[in-house]
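A.B. asks: Sequence first, then the predicted structure, then my questions.
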Amino acid sequence: MAESKPSDTSTTRRSSSWSFGLLVLILTPVAAAIFLYQLDSFDPASLPTHEFSQEPMPVPKLNPRMLQGSEMIGQGNLLGPEDIAYDANSHLIYTGCADGWVKRVTLNESAANSVVHNWAFTGGRPLGVALGRAGEVLVADAEKGLLEISGDGVMKPLTDEAEGIKFKQTNAVDVAVDGMIYFTDASYKYGLIEFIWEILEGRPHGRLLSFDPSTQETIVLLRDLYLANGVVVSPDQTSVVFCETLMKRCTKYYIQGKRKGSMEKFIDNLFGMPNILYDEEGHYWIALGTKGLWDLALKYPSIRKVMAILERYIGRPHIEKNGGILAVDLEGKSVAHYYDPELSMVSSGIKVDKYLYCGSFVKPYIIRLDLDQHAARTIT
């Protein structure tokens, strides 16, 4: 019987030791992750995914590379230009930025020659902006509530609570012809700096509200909304269309006529988290911040819990991509989709003349795309 050589025994032992070490190396972080998952008290809710449309939304025209040919307006001077309001009389764009300023942008044919002016300082975080009926600008400020800024830049607070509950994320605003102001509070639980927890938790803390300037009355029209976002008054003034980020949908709420106070689906099963504006030419433009892994996260609370643990202890990975803008008609039928794999966190979009202007919650500029040169096309 042959005896084992010392070198063979030593090699076997080293191999076994290396295998055991590798196994420990793999299982230790897995065990730690499982332990941390079980220990963490964060309890994300299941979204009512049964309300999601099961059929994919057809889009007749696409531009899947909208950044090709895009220009940057106000680069470096517009930090997080969330929303866009265009004044056709003065040819100015108003936008709220992360530095607390509502800024005016003078547009030129050359994007490089567009001029940014610091116009009114809110002291908070202005998000939604809308033109009033007498030259004023209405601002939904996430920290300060609903504000009015006069034509010469004087700011006046309008409301910051309803039914005894303070707004935590005043988000979007629009004004009807009769002067009634409609706006959203994305959450009465989480402030803007905590907005990611509103998404990860998945519970409805949002509200749709109205403010009557003649009576100074604030009314809650709808509650229990899933991160209430954009809102726009329909051109016939009979309804408003509002967005819910977590449900990836826009809903019509009637404000006039026999159906006043009722709701109906406008569009759902969107490609990302929506916001909405109207272009005065028969189309709504819905900003879609991102798509991809977030779609799965919204369906599965376990994924959101993992993301919450990463957010709390390590830092959330940046998984946002394929942001863009969807154009739809007055009935909510899709017309064209502009997006790009490298684009994310698009927060608003509006067509002005031949250009599409896109705001962003985080980018330091407004994107401009020439729709004559880079129109969405039918893809077969």
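C.D. replies: Received the coordinates, thanks.

A.B. asks: In the stretch 1-150 of the chain, what residue spans correspond to helices?
C.D. replies: 6-39 (DSSP state H, counting those that start in this stretch).

A.B. asks: Output the below-cut-off pLDDT ranges for it.
C.D. replies: Scanning the stretch 1-150 of the chain with the threshold set as pLDDT under 70 gives 1-40, 54.

A.B. asks: got the CA coordinates for stretch 367-380 in CSV?
C.D. replies: C-alpha atoms of stretch 367-380 as CSV (Å, rounded to 0.1, in the frame of the first residue of the first chain):
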residue,chain,number,x,y,z
ILE,A,367,-33.0,70.5,-21.7
ARG,A,368,-34.2,71.9,-25.0
LEU,A,369,-34.9,69.7,-28.1
ASP,A,370,-35.8,71.0,-31.5
LEU,A,371,-38.9,68.9,-32.5
ASP,A,372,-38.6,69.9,-36.1
GLN,A,373,-35.2,68.3,-36.4
HIS,A,374,-35.6,65.5,-33.9
ALA,A,375,-39.2,64.6,-34.0
ALA,A,376,-40.4,61.2,-32.7
ARG,A,377,-41.0,58.8,-35.6
THR,A,378,-42.9,55.6,-36.3
ILE,A,379,-40.6,52.6,-35.5
THR,A,380,-41.5,49.3,-37.1
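
A.B. asks: Only the buried residues of it, if you could.
C.D. replies: 367-369, 371, 374, 376 (16 or more other CB atoms under 10 Å). The way it works is simple: take the backbone N, C-alpha and C, and place the C-beta from them, glycine included.

A.B. asks: Could you list which of these belong to strands?
C.D. replies: Within the buried residues of stretch 367-380, residues falling in strands by DSSP state E are 367-369.

A.B. asks: possible to save those residues as a markdown table with distance to residue 330 and pLDDT?
C.D. replies: Output for those, formatted as a markdown table (distance: CB to CB, whole Å; pLDDT from 0 to 100):
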| residue | distance to residue 330 | pLDDT |
| --- | --- | --- |
| 367 | 25 | 97 |
| 368 | 25 | 97 |
| 369 | 23 | 97 |
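
A.B. asks: can you list those in JSON lines and add distance to residue 217?
C.D. replies: As requested, these are arranged in JSON lines below (distance: CB to CB, whole Å):
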{"residue": "367", "distance to residue 217": "38"}
{"residue": "368", "distance to residue 217": "39"}
{"residue": "369", "distance to residue 217": "41"}
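
A.B. asks: ok, back up a step: nearest to residue 152, of the buried residues of stretch 367-380?
C.D. replies: Using CB to CB, residue 368 is the member of those that lies nearest residue 152, at 28.1 Å.

A.B. asks: Mind listing the residues bridging to the closest one?
C.D. replies: According to DSSP bridges, the residues that bridge with residue 368 are residue 71, residue 357.

A.B. asks: my read: it touches residue 357, true?
C.D. replies: Yes: taking CB atoms under 8 Å as the definition, residue 368 is a contact partner of residue 357 at 5.6 Å.

A.B. asks: what touches both of those two?
C.D. replies: Common neighbours of residue 368 and residue 357, counting by CB atoms under 8 Å, 6 or more residues apart in numbering, are residue 73.

A.B. asks: count of residues packed around the closest residue to residue 58 other than its chain neighbours?
C.D. replies: Closest residue in space to residue 58, ignoring its immediate chain neighbours: residue 334 at 6.8 Å, by CB to CB, 6 or more residues apart in numbering. Neighbour count of residue 334, defined by other CB atoms under 10 Å: 18.

A.B. asks: Looking at residue 334 now. What's its pLDDT?
C.D. replies: What the model reports as pLDDT for residue 334 is 95.

A.B. asks: now it: how far from residue 159?
C.D. replies: 35 Å (CB to CB, to the nearest Å).

A.B. asks: just residue 140 next, same as before
C.D. replies: Distance check for residue 140 against residue 159: by CB to CB, it reads 11 Å.
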